[in-house]
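Colleague: sequence and predicted structure are below.
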Amino acid sequence: MNKKYNVYDIFIFLIISGAMLYLGIRAYSLDIFHDEALTYIYLIGAYKLLKLFLSKWQLLIGMLLMIFNPFLLEVLSAARGYALGLAFLTIGLYYIFVKIDKFEQDKGYYTACSVLMMFGAVLSHLTFVYVYLTAIIILFLLEIIKILKDSQSCGYIKPLLKKAALHTFLPILSSMLLLAAIYYKPPILINFRQASLDIAARTGFWQDTVTSLINSILYGQKYYWDTMTFGKILILVSILSGMFIIIWEIQRGKAADLIRNKFPWILLMLFVCTFGIVLQVAVFNTSVYVIERYAIFYIPMFSLFLLMLWKYILSHYHKYIAAATTAFMCLLTGVLMLHFIKSANLQYSFIYREDAYTKEVLNMIVEETKKYNLPPDTIRIGISWTFEPGINFYILKNNLYWIRFVDRSGPYNIFDFYYVLEQDKKKLEPYNLIKFIKKYDITRTPDAPNYSYFGALK
């Protein structure tokens with residue numbers, strides 16, 4: 001008998017297909033950022049994860065909230081391992097929550113799968129090590145709870161410890177040892193010791209990590225209300241609401257029910273992950289708070305927390321409270337969708353906003369010089385250091401070998417062409433040697449305008 005698909009399945013298919021289409025077109029348009037743009041596993045992982053606890057129209061809200069975030073989709077279409085890391089993260093979380101659902105039946109399969117996925121996330125990008133260690137702590141805690149529960153019914157603990165060692169401790173310790181071995185003696189193709197977390201700050205977790213993520217999600221858009229304050233209030237209210245519900249349920253003698261529910265565990269993951277980052281900064285003087293794309297894992301995890309908290313309220317609280325929460329979630333999703341539509345573009349990457357016009361600049365230089373049939377390394381370009389990777393990429397990609405590869409030594413010399421930021425332009429103007437031809441707006445946030453300038457030697 002043919003399987004019948006309902007209207008919700010069709011909408012979910014359209015959501016995933018729309019996100020895939022956007023990622024594919026964006027990867028083609030921004031060809032400098034295509035290495036992992038076809039990593040769509042995150043979308044499938046998010047669907048599998050949400051389907052564990054949401055149904056029908058709830059799943060639609062969940063998919064929109066988990067996917068159509070302009071900064072998140074940008075990271076999925078960027079290189080450097082983030083897309084693959086996010087994919088492994090969602091699948092790893094899926095296995096952790098399946099383990100919670102099948103608390104009694106799991107014999108180590110779901111533990112091994114979740115550890116393997118989180119291990120893959122760390123190999124994809126070093127920043128996911130925070131989530132990997134968080135997952136290990138959660139898995140250990142789940143196993144300890146299971147041992148204590150089973151020991152009460154059977155009266156002995158030694159066989160339970162042996163079983164736990166085989167089913168949980170062995171895969172976890174094996175992955176940790178393998179990860180340590182790769183870190184200290186990495187193979188040629190896996191050298192994440194060089195993946196330093198260089199985009200970071202030292203002021204504080206709230207001031208650096210949280211603020212940078214909200215700024216990134218805003219994607220440079222400006223609205224009539226204070227969106228930064230709204231974002232921080234949303235985070236605080238939702239976290240405090242989750243903590244209040246947990247304390248309230250424990251006081252009512254329902255702590256055992258909370259263990260089998262999902263939202264306390266995702267909240268605990270957020271706390272453990274945050275505590276690990278704060279502790280690292282406190283212990284190691286050279287450590288910093290991760291920001292922007294290095295903290296990207298917080299976006300799907302916090303979205304999951306909101307959805308799981310909403311589902312818990314729907315299932316356990318009065319219909320009026322549930323209705324109000326549902327109305328808020330629908331409104332929030334609608335606002336975020338409108339924000340995504342406003343932010344979507346095929347011209348530039350928010351992460352690498354400076355390179356929005358690098359391709360155009362190189363094309364102008366090529367049009368001006370290719371007719372002369374010049375020998376290699378003839379044309380020299382003076383640049384601000386931030387344009388170095390993009391310009392060299394296009395020189396190499398398009399075989400523009402009559403143009404010399406650029407470096408980060410600065411534009412303060414005699415060059416044939418110049419592509420510089422505003423601060424370098426101001427320093428060059430007194431020499432009166434350059435005719436600036438075009439000005440580009442490469443502003444990331446409205447409160448910090450930024451411009452680049454293309455020019456040629458007079």
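Modeller: On my side now, so go ahead.
Colleague: all contacts plus neighbour counts: C-alpha atoms, from now on.
Modeller: OK.
Colleague: for the host helix or strand of Ala83, what is the distance to the chain centroid?
Modeller: Ala83 is located in helix 82-101, with elements delineated by DSSP states H and E. Its chain's C-alpha centre and that of helix 82-101 lie 13 Å apart, by Cα atoms, centre = their mean, to the nearest Å.
Colleague: list the buried residues of that helix.
Modeller: Residues 82-101 are the ones in helix 82-101 that count as buried (16 or more other Cα atoms under 10 Å).
Colleague: and what of stretch 238-256?
Modeller: By neighbour count on 16+ other Cα under 10 Å, the buried set for stretch 238-256 is 238-239, 242, 245-246.
Colleague: now do stretch 375-386
Modeller: Those would be 379-386, for stretch 375-386 by 16+ other Cα under 10 Å.
Colleague: with stretch 360-371 instead?
Modeller: Here stretch 360-371 shows 361-362, 365-366 as buried, counting by 16+ other Cα under 10 Å.
Colleague: C-alpha coordinates for it, CSV please?
Modeller: Extracted in CSV, the C-alpha atoms of stretch 360-371 (Å, rounded to 0.1, in the frame of the first residue of the first chain):
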residue,chain,number,x,y,z
GLU,A,360,34.7,42.7,-9.0
VAL,A,361,38.0,44.5,-8.3
LEU,A,362,40.0,41.6,-9.8
ASN,A,363,37.8,41.6,-12.9
MET,A,364,38.4,45.3,-13.4
ILE,A,365,42.2,44.8,-13.1
VAL,A,366,42.0,41.9,-15.5
GLU,A,367,40.0,43.9,-18.1
GLU,A,368,42.6,46.7,-17.8
THR,A,369,45.7,44.5,-18.2
LYS,A,370,45.0,41.2,-20.0
LYS,A,371,45.2,42.9,-23.5
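Colleague: report the rounded mean pLDDT for that stretch.
Modeller: Stretch 360-371 comes out with an average pLDDT of 91.
Colleague: sorry, back to before: so which of the buried residues of stretch 238-256 are in helices?
Modeller: Among the buried residues of stretch 238-256, the members falling in helices (DSSP state H) are 238-239, 242, 245-246.
Colleague: tell me the pLDDT at Thr325?
Modeller: The confidence metric pLDDT takes the value 95 at Thr325.
Colleague: wait, Ala79
Modeller: With respect to pLDDT, Ala79 has a value of 59.
Colleague: with the one 10 residues further on instead?
Modeller: Among the per-residue scores, Leu89 holds a pLDDT of 96.
Colleague: so how far is Leu50 from it?
Modeller: Per Cα to Cα, to the nearest Å, Leu89 is found 14 Å from Leu50.
Colleague: now swap in Lys319 and tell me
Modeller: Using Cα to Cα, one gets 22 Å for the distance from Lys319 to Leu50.
Colleague: higher neighbour count, these two?
Modeller: Shown here are Lys319 and Leu50; by other Cα atoms under 10 Å, Leu50 has more neighbours (21 against 12).
Colleague: got the phi and psi for that one?
Modeller: Backbone geometry at Leu50, expressed as degrees, to the nearest 10, gives phi -70, psi -30.
Colleague: how about Tyr317?
Modeller: According to degrees, to the nearest 10, Tyr317 has phi -120, psi 170.
Colleague: can you check Ile434 too?
Modeller: Torsion angles, degrees, to the nearest 10, at Ile434: phi -120, psi 140.
Colleague: where in the stretch 201-350 of the chain is pLDDT low?
Modeller: 201, 285-287 (pLDDT under 70).
Colleague: ok, which stretches of it are strands?
Modeller: For the stretch 201-350 of the chain, applying DSSP state E, counting those that start in this stretch gives strands covering 289-290.
Colleague: where exactly do the helices run in it?
Modeller: Counting by DSSP state H, counting those that start in this stretch, one finds helices in the stretch 201-350 of the chain at the ranges 211-218, 227-251, 255-259, 263-283, 298-316, 319-343.
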